[in-house]
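In: Mind folding the following:
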Amino acid sequence: MDRSAVDRLYDCDVLDRHGRPIGPVAELWLAGGRPLWATVRSDGGTTLVPIRGAQVRDRRLVVPVEKREVEDAPKVGDRELSEAEQAELHDHYGLTLPEQRLVRHRRGASAPTSQPPRQVRRRAR
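Out: Okay, here's the model as predicted:
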């Protein structure tokens, strides 16, 4: 997905799989250059919503989760996520942690905000 297509997602309102409104896209998080999460702000706080497999319809981003799942998800605030927080979010939604590290995308930015590469621990033999 090119940068302009990713930027257009910021114009979308997020709806759950049944069409119930969750909130507007505040930020996007990418892995391997693909948008996988949207930050959504609501009265309950700021959280991430998985958008892999979502459909864009008339400036609405229909995500493959229930609104209740989003309301019960860990709140993240406006900061970078630790590996433990990323794992907690993936566990909450029943998703597999991607091999690439999540990076925050800022609308109109030339490149995503990078985080240090994930350290792979090797077992001693």
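
In: wait, doesn't Ile22 sit right on Val49?
Out: Yes: with contact defined as CB atoms under 8 Å, Ile22 reaches Val49; the gap is 6.4 Å. C-beta coordinates here come from the backbone N, C-alpha and C atoms, glycine included.

In: Overlap in contacts, the two.
Out: 14, 40, 63, 70 (CB atoms under 8 Å, 6 or more residues apart in numbering).

In: Contact partners for the third one?
Out: With contacts taken as CB under 8 Å, 6+ apart, Val63 has the following neighbours: 14-17, 22, 38, 49-51, 54.

In: For it, give its distance to Glu83.
Out: Val63 sits 23 Å away from Glu83, going by CB to CB, to the nearest Å.

In: again, but for the last one
Out: In this structure, Val70 and Glu83 are 22 Å apart, going by CB to CB.

In: of the two, who's got more company?
Out: With neighbours defined as other CB atoms under 10 Å, Val70 and Glu83 compare such that Val70 has more, 23 against 13.

In: For the more buried one, what are phi and psi?
Out: The phi/psi pair for Val70 (degrees, to the nearest 10) reads phi -70, psi -40.

In: same question, the one 10 residues further on
Out: Main-chain dihedrals, Glu80, degrees, to the nearest 10: phi -70, psi 150.

In: Is there a neighbour count for it? I'd like the number.
Out: 12.

In: contact partners of stretch 34-41?
Out: So stretch 34-41 is contacted by 1, 6, 9, 14, 22-30, 46-52, 61, 63, 70, 76, 78, 89, 98, 102, 105 (CB under 8 Å, 6+ apart).

In: and those, which are buried?
Out: Among those, those scoring as buried are 6, 9, 14, 22-25, 27-30, 46-51, 61, 63, 70, 76, 89, 98, 102, 105 (criterion: 16 or more other CB atoms under 10 Å).

In: Restricted to strands, list those residues.
Out: 14, 22-25, 27-30, 46-50, 61, 105 (DSSP state E).
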